[in-house]
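Engineer: heads up, no residue letters with this:
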């Protein structure tokens, strides 16, 4: 194509990004069946079965993008790359590890889709892994420190001048959300009970059968259990005078998940059959002290930019880091509660930090197929007051 001045310019056509397949490990409880599985083997498990099930030629994969929050100890050394190699797959395929806190694996999917949509890559494996039994949640912050009260913000003059000495933690953020949206402990406990009940029902109905690949003798998520409201009510709050207890928080867990993201050209060339396409991607941030509220403005932005209403969304997966997160989101967005985490959430199913963003996407895709829905929306709160929103369209 020639411009008026005689210079040649190139018209770039943006391609679609398709989800060809999606699998995950079971989610293991802390100290449970997956606790002794090395993170590289845990990540390799989902990658290997994704490649086998999708039928893609592993030689054709351009990159592996994996989420992981605590890239230390057994999870150090670029767990994306080591998981791929541990799976016995071609050495020429690189890997990159992403940390957007709890949204790391969702960001991995979005980065994979952006690479494909830009035309710079054709086939990308995206997902995440975290063994929280082996590498505790505090491992990264506490590495090499003798002070158990150490936090990464102390001594940062610019941070302290802006936010003062205010506590920066998910627990504090959850309390702030419960207070701001006037969500009572009793309401949160009722929400937690329903999360477990939905997860138990989903497992009994076989909803997870198409997404879970058994590992280490485990073929189901270990977290869901028959809720005991009396026991919940007897628990001490995490903060004196607060509302949040362990019963309304996500479980410490181990797991991995992986998705195959491919371009339109790659789908045709390799004879692949896509299950969904990436319709929209948003990243937005909010107050880093409240920390967990960003899914609300991020969802509003995603709906505004796509021209969709919340009623157009057939299924939602929002991470249940703490009960106030989805409860406040529901109050503000006005979604049908029956469509939100219909098979339970992280309060019941668990939250392996670096893997959850992909686990939610795998579950969302299968829910759309189960119900013949068209659009699915995924969002989650993240450290730093951030949130990702991904909207997918079932094919």
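Structural biologist: Nice, I can see it. What you see is a predicted model; the values in this text were computed from it and never measured.

Engineer: how about stretch 137-149: buried residues?
Structural biologist: Within stretch 137-149, the residues that count as buried by 16 or more other CB atoms under 10 Å are 139, 140. To be clear about C-beta, it is placed using only N, CA and C from the backbone, and glycine gets the same treatment.

Engineer: and for stretch 370-390?
Structural biologist: Using 16+ other CB under 10 Å as the test for burial, stretch 370-390 gives 370, 373-383, 385-390.

Engineer: same check, this time on stretch 39-54
Structural biologist: Buried positions in stretch 39-54, judged by neighbour count with 16+ other CB under 10 Å: 39-51, 54.

Engineer: just the ones in helices from the buried residues of stretch 370-390, please.
Structural biologist: If you go by DSSP state H, the buried residues of stretch 370-390 have residue 370 in helices.

Engineer: which of the buried residues of stretch 370-390 fall in strands?
Structural biologist: Judged by DSSP state E, the buried residues of stretch 370-390 include 375-382, 386-390 as members of strands.

Engineer: whatever helix or strand residue 296 lives in relative to strand 375-382, how many degrees between them?
Structural biologist: Under the criterion of DSSP states H and E, residue 296 resides in helix 295-306. Calculated by axes from the mean of the first three to the mean of the last three CA atoms, to 10 degrees, helix 295-306 forms an angle of 140 degrees with strand 375-382.

Engineer: how distant is the helix or strand that comes right after helix 295-306 from the center of its chain?
Structural biologist: Later in the chain than helix 295-306, the nearest helix or strand by DSSP H and E is strand 313-318. Distance of strand 313-318 from the chain centroid (CA atoms, centre = their mean, to the nearest Å) equals 14 Å.

Engineer: quick check: pLDDT value at residue 152.
Structural biologist: Listed pLDDT for residue 152 reads 88.

Engineer: count the residues that sit near it.
Structural biologist: Each residue near residue 152 was counted by other CB atoms under 10 Å, and the total is 11.

Engineer: secondary structure element for the nearest residue to it once chain neighbours are set aside, which one?
Structural biologist: Take residue 152 and drop its neighbours on the chain: the residue closest to it by CB to CB, 6 or more residues apart in numbering is residue 141, 6.0 Å away. Assigned by DSSP H and E, residue 141 falls within helix 139-142.

Engineer: what's that helix packed up against?
Structural biologist: Helix 139-142 sits against no helix or strand, with contacts defined as 3 or more CB pairs under 8 Å, 6 or more residues apart in numbering; DSSP states H and E.

Engineer: any idea of the mean pLDDT in it?
Structural biologist: Rounded mean pLDDT across helix 139-142 is 84.

Engineer: which residues touch it?
Structural biologist: If you take CB atoms under 8 Å, 6 or more residues apart in numbering as the criterion, helix 139-142 is touched by 69, 70, 71, 72, 73, 148, 150, 151, 152.

Engineer: pick out the most distant pair among the residues you listed.
Structural biologist: Greatest spatial distance among the contacts of helix 139-142 (CB to CB): 71 and 148, at 21.5 Å.

Engineer: what's the helix ranked longest in the chain packed up against?
Structural biologist: What stands out as the longest helix in the chain, according to DSSP H, is helix 185-204. When contacts are defined as 3+ CB pairs under 8 Å, 6+ apart, helix 185-204 sits against helix 229-234, helix 324-333, helix 346-349.
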